[in-house]
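Colleague: make a model of this:
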Amino acid sequence: AADKIRLIPQDFFAELCEQIIQHLNHKIPGVNTAELCQRIQTSGVEINIGDLAKIANILSFLFSTAARNNLSTEELVTTLGSAVNTLPKHAVQVIRHVWNEQGKAIAVSEDARNMATVGQFVDMKWKLGVAMSSDTCRSLKYPYVTVTLTVADPSGQITDKSFEMTIPQFKNFFRQFKEMASILETV
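Modeller: Numbering: from 1, shown residues only. Okay, the predicted model is just below:
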């Protein structure tokens, strides 16, 4: 990971660290590594989204562990001591600065500590389509609904999940949402 961190320009690394802190503070649902990776690549740095996601997970673990142990900035940097030799100097400086400025704000309640396996809904997009024909059938005229859910997983990585439904499947989906809404109204 240190080799990949070395590739990331300091400003992008700082932005990544700040987004992770914001996520840990529940200010944003997650870190959009796909968008950040694209911007890093546009700047001329060759890095893939998988490597950037791994770096984000490592930093998230680092900051959440530091918060859980209530580490000061100096204690965090000292704890990184063995890694300081492998981490680039600019990365250690950014981690020190971000933790010093924003790390103390991380609220580590019992609920936050125990909430590690559930993702968070970010957005939903849908579209209605009609399949007109295919190579095996001339006249389909088959309607369908495509839904794209944007979800932040527990580590904060934002991903899109898309699926298609037939009209009967969509009606069942809609019925279940209406049931949830009516139950929520009674709460």
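Colleague: contacts only, for the one residue sitting closest to the centre of the chain.
Modeller: What sits nearest the mean C-alpha location of the chain, by C-alpha atoms, centre = their mean, is Q157, with 1.9 Å. Counting by C-beta atoms under 8 Å, 6 or more residues apart in numbering, Q157 touches G30, V31, T33, A53, A56, N57. To be clear about C-beta, it is placed using only N, CA and C from the backbone, and glycine gets the same treatment.
Colleague: for S60, see how far away it is.
Modeller: Applying C-beta to C-beta, to the nearest Å, the value for Q157 to S60 is 9 Å.
Colleague: give me the common contacts of those two.
Modeller: Common contacts of Q157 and S60 (C-beta under 8 Å, 6+ apart): V31.
Colleague: what does stretch 89-103 contact?
Modeller: With C-beta under 8 Å, 6+ apart as the criterion, stretch 89-103 contacts 2, 5-6, 10, 13-14, 17-18, 21-22, 25, 59, 62-63, 66-67, 73, 76-77, 80, 84.
Colleague: where do the strands sit along the protein?
Modeller: Secondary structure of the chain, counting by DSSP state E: strands at 120-131, 142-152, 158-166.
Colleague: reformat these as TSV; add distance to G103.
Modeller: Formatted as TSV, the strands of the chain follow (distance: least, C-beta to C-beta, whole Å):
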stretch	distance to G103
strand 120-131	22
strand 142-152	21
strand 158-166	22
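Colleague: of those, flag the one that's most buried.
Modeller: Across the strands of the chain, averaging neighbours per residue (mean count of other C-beta atoms under 10 Å) puts strand 142-152 on top, at a mean of 15.
Colleague: can you list the strands that that one pairs with?
Modeller: Each strand paired with strand 142-152, and its direction, by DSSP bridges: strand 120-131 (antiparallel), strand 158-166 (antiparallel).
Colleague: chain center to the longest one, what's the gap?
Modeller: Strand 120-131 has its average C-alpha position 19 Å from the chain's average C-alpha position, going by C-alpha atoms, centre = their mean, to the nearest Å.
Colleague: and the contacts of that strand?
Modeller: Contact with strand 120-131 is made by 29-30, 140-152, 158, as judged by C-beta under 8 Å, 6+ apart.
Colleague: swap in 10 Å and give it another go.
Modeller: Strand 120-131 is contacted from outside by 23, 26, 28-30, 32, 137, 140-154, 156, 158-160, 162, 164-165, 167, 170, using C-beta atoms under 10 Å, 6 or more residues apart in numbering.
Colleague: noted, bye for now.
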